[in-house]
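Q: Got a predicted structure plus its sequence, pasted below:
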Amino acid sequence: MAQLFSSQTTMSYWQRVRTEVPLVLCMTNNVVTNWTANVLLAAHASPAMLDDGSEAEVLAAIASALLINVGTLNTLHAQAMTQAVASAQQAGKPWVLDPVAVGLLPLRTKLCCDLLRESPAVIRGNPSEILALAGETSQCRGADSTQGSDEALAAARHLAAKAKTIVVVTGAVDYITDAEHTLRVDNGHSLLQRVTGTGCALSALVAAYVSTASNKSEALEAAASACAVFSVAGEEAAQKTLARNEGTGSFAVYLLDALATLDEATLKKRMERKIK
């Protein structure tokens, strides 16, 4: 069974991020660099965007957390990412893996499988990516998933146990599991799937939130809190977009606004509505 995540716990980690303003080193794909940085800023975190190995190696040891996103991978980036992960590990900093389109293309698949041995704090992916990384058959169409999060939950638990990590599988329902415990976030809106890079940006937000955790139990809660905050902001942005009969461009701006202006009352209202 998956436990529905609470608004009270979400608010605790939301406040931690606002207080600590974690610096997240994002080694991410070039389609979403600007968007990811803006999402982190709106959520009161601090982004750093690098892809050079020597610089990333230095900053990974200083930053609060590291994001590895393989969306537009090349050989040099793969080497740089490996350097950064080693540096983060040595410094005791958490790092998050976003295995974009893993299983579909050989370079990213090999890198992601190799990096599983380097103790990621969290793996965040769509259902097809989690199924592929867990070694199960999946149908992946680029960065899009053709399966629902419910279909990937067992694979997420298996992957979490195998890699001794936390796995976040996102979709209509988000599941966050460490194999022994599974949390569920039911908030969100379908418009989140209509803007490029929302999943990538969520992975960066997960890194920011996990950096505030002091142990694995807290890291599970922190990752779920990032999903809840992002999903609630998506609901707020969708409500405004639809009320004004506007499109996905407006939704993207409203999503940033919602992240920046989110308050405890909104989190509580939106999340507790799902419990009733």
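A: Right, received. Where do you want to start?
Q: Now the longest helix belonging to the chain: buried residues?
A: Counting by DSSP state H, the longest helix found in the chain is helix 216-243. Judged by neighbour count using 16 or more other Cβ atoms under 10 Å, the buried positions of helix 216-243 are 218-238, 240-241. Glycine gets a C-beta too; all of them are placed from N, C-alpha and C.
Q: before we move on, what about stretch 36-43?
A: 36-40, 42-43.
Q: Okay, and which of those residues map to helices?
A: In helices, defined here by DSSP H, the members of those are 36-40, 42.
Q: if we take those residues, which one ends up nearest to N187?
A: Nearest to N187, judged by Cβ to Cβ, of those is V39 at 16.4 Å.
Q: and that closest one, what does it touch?
A: 201, 204-205, 255-256, 259 (Cβ atoms under 8 Å, 6 or more residues apart in numbering).
Q: Low-confidence bits of this structure, can you list those?
A: When residues are selected by pLDDT under 70, those of the chain lie in 1, 137-146, 274-276.
Q: give me every residue that touches the residue sitting nearest the centre point of it.
A: Computing the C-alpha centroid of the chain and ranking residues by Cα atoms, centre = their mean puts S203 first, at 2.1 Å. S203 makes contacts with 67, 69, 96, 98, 124, as judged by Cβ under 8 Å, 6+ apart.
Q: That one in helix, strand or coil?
A: Going by DSSP: H, G, I helix; E, B strand; the rest coil, the secondary structure assigned to S203 is helix.
Q: Strands of the chain, residue ranges please.
A: 3-4, 23-27, 46-49, 65-69, 95-98, 122-125, 140-141, 144-145, 166-169, 174-177, 182-185 (DSSP state E).
Q: So what's the residue count around the residue lying closest to T182 once chain neighbours are set aside?
A: Among residues not flanking T182 along the chain, A2 sits closest, at 4.2 Å (Cβ to Cβ, 6 or more residues apart in numbering). Using other Cβ atoms under 10 Å, A2 is surrounded by 18 other residues.
Q: A2 contacts Y175, correct?
A: Yes - using Cβ atoms under 8 Å, A2 is in contact with Y175, at 5.9 Å.
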